[in-house]
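A.B. asks: Sharing a sequence plus its predicted fold:
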Amino acid sequence: MEQVQDFTPTPMTLSTEIYYTGIHPYTGEKVFTARKPEEKLNQRKYFFWYLPEKRNDIQNSLKRMHRNDLAEKLYGNTPWRKPARIVSEAKSRQKKKKPNNK
């Protein structure tokens, strides 16, 4: 099972400082922090870019942001294909064994 958890601020950590201030304390740069549920969902979909049901939504979002280059890197020019599944040696051996018929 794959999951993405929401950020839980922990006292006295760099990530919590960035979360609450929106500024990186070492560089002074502004850092976007997703706080609203819609913003979190929008970010979360990119973690699962390889799922077919996410592809159209991600491509549309990247197009709105004028980042077709990223869509090209994720998906290329080819139609979507299911990623190859890695099968453990034990499972592949089980498939090769023939049932005993007596």
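C.D. replies: Nice, I can see it. Numbers count the residues shown, from 1 in each chain.
A.B. asks: any idea how far residue 24 lies from residue 70?
C.D. replies: 23 Å (CB to CB, to the nearest Å). Placement of C-beta: from N, CA and C, glycine included.
A.B. asks: how long is stretch 55-71 end to end?
C.D. replies: One end of stretch 55-71 sits 9 Å from the other (CA to CA, to the nearest Å).
A.B. asks: in it, what counts as buried?
C.D. replies: Neighbour counts over stretch 55-71 (16 or more other CB atoms under 10 Å) mark 55, 58, 59, 62, 71 as buried.
A.B. asks: of all those residues, which comes closest to residue 31?
C.D. replies: The shortest gap between residue 31 and any of the buried residues of stretch 55-71 belongs to residue 62, at 20.8 Å (CB to CB).
A.B. asks: quick check, that closest one in a helix?
C.D. replies: Yes. Counting by DSSP: H, G, I helix; E, B strand; the rest coil, residue 62 is found in a helix.
A.B. asks: OK, contacts around it?
C.D. replies: Residue 62 makes contact with 68, 70, 71, according to CB atoms under 8 Å, 6 or more residues apart in numbering.
A.B. asks: and which of these is nearest to residue 40?
C.D. replies: Among those, residue 70 lies closest to residue 40 (CB to CB), at 19.7 Å.
A.B. asks: residue contacts, that closest one?
C.D. replies: residue 62.
A.B. asks: Is it in a helix, a strand, or coil?
C.D. replies: Assignment for residue 70 (three-state DSSP): helix.
A.B. asks: Ok, residue 59 next?
C.D. replies: The three-state label given to residue 59 by three-state DSSP is helix.
A.B. asks: Please name the residues that touch it.
C.D. replies: By CB under 8 Å, 6+ apart, residue 59 lies in contact with 71, 75.
A.B. asks: Find me the pLDDT at it, would you?
C.D. replies: What the model reports for residue 59 is a pLDDT of 91.
A.B. asks: going forward can the numbers begin at 29, since that is how I track them
C.D. replies: OK, 29 is where the count begins now, so the last one is residue 87.
A.B. asks: how close does it get to residue 36?
C.D. replies: Using CB to CB, residue 87 is found at 31 Å from residue 36.
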